[in-house]
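Novice: pasted the sequence and its predicted model underneath.
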Amino acid sequence: MLHHTSRAVALTFAVVLFALLLANLAYNFMSPGGGLDTPQLTILGALFLACVIISTDALTELSFGPLKARWKIDELERKVCALQLAVGAIVTSYEREHLKKLIGKGSDYVTFQWSLYHELERLLALGYITPADRERGLRSIRDISGEQDGYAFHLRDHVEITPVGEDYLDLYKEWFEADTQQQA
């Protein structure tokens, strides 16, 4: 039987993946040559697996259809590990640090670099951040910096973390940072 905490983790994961999928679909359909690409199909597959985990009460064995395919707990655990790897790889360590700065962990003081700007664009496309200036968007960062590397500013003055971004950080912390703390 699936424990309550496992169900909550799976549900949280499914919600995060669904939000990611919607953000990526919207972004790709607005861009030239838009459509589903490999990462989106991977997210869709992971979302399907999370839904299977959520919807079942018996984890020792699942059977469905005329093939009577049977999944054992070990197989599901391997799939969950694969999902954990996918969650860990969705956002780079640099992007994750930006998210942490936005929830108040550490200084939010950064210097303009094009790599920072592109990381913020990606976080915006994923739906993890939103611009503080809704009219100008991330352009406000380019405007104040004069697009010159090295201009220092407070990140929280220009972007905010969304609830989806906070959920991602919580899930990442639960799956990855808790393991690191236990090993120490």
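Specialist: Perfect, thanks for sending it.
Novice: what's the nearest residue to residue 152 if we skip its chain neighbours?
Specialist: Spatial nearest neighbour of residue 152, chain neighbours left out: residue 111 (4.9 Å); criterion: Cβ to Cβ, 6 or more residues apart in numbering. Quick note: C-beta positions are derived from backbone N, CA and C, even for glycine.
Novice: measure that neighbour to residue 125 for me?
Specialist: 23 Å (Cβ to Cβ, to the nearest Å).
Novice: give me the more crowded residue out of those two.
Specialist: Relative neighbour count places residue 125 above the other of residue 111 and residue 125, with 17 against 12, counting by other Cβ atoms under 10 Å.
Novice: which other helices and strands contact the helix or strand where that one lies?
Specialist: Assessed by DSSP states H and E, residue 125 sits inside helix 114-126. Counting contacts by 3 or more Cβ pairs under 8 Å, 6 or more residues apart in numbering; DSSP states H and E, helix 114-126 packs against helix 4-30, helix 93-102, strand 129-131, helix 139-145, strand 159-161, helix 163-172.
Novice: ok, residues contacting that helix?
Specialist: The contact list for helix 114-126 (Cβ atoms under 8 Å, 6 or more residues apart in numbering) reads 20, 23-24, 27, 90-92, 94-95, 98-99, 110, 129-131, 137-138, 141-142, 149, 159, 164-165.
Novice: domain assignment for the chain?
Specialist: In terms of domains, the chain is parsed into 4-90, 93-166 (source: automatic domain parsing).
Novice: where does this protein have low pLDDT?
Specialist: Applying pLDDT under 70 to the chain flags the ranges 1-74, 105, 178-184.
Novice: how does it look with 50?
Specialist: Low-confidence segments of the chain (pLDDT under 50): 1-3, 57-60, 67-68.
Novice: OK, contacts around residue 95?
Specialist: By Cβ under 8 Å, 6+ apart, the neighbours of residue 95 are 119, 122, 123, 128.
Novice: would you turn those into TSV with distance to residue 174 and neighbour count?
Specialist: Putting the contacts of residue 95 into TSV (distance: Cβ to Cβ, whole Å; neighbours: other Cβ atoms under 10 Å) gives the following:
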residue	distance to residue 174	neighbour count
119	23	19
122	23	16
123	20	25
128	17	30
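Novice: now, which of the residues you listed sits nearest residue 175?
Specialist: Distance to residue 175 across the contacts of residue 95 (Cβ to Cβ) is lowest for residue 128, with 16.6 Å.
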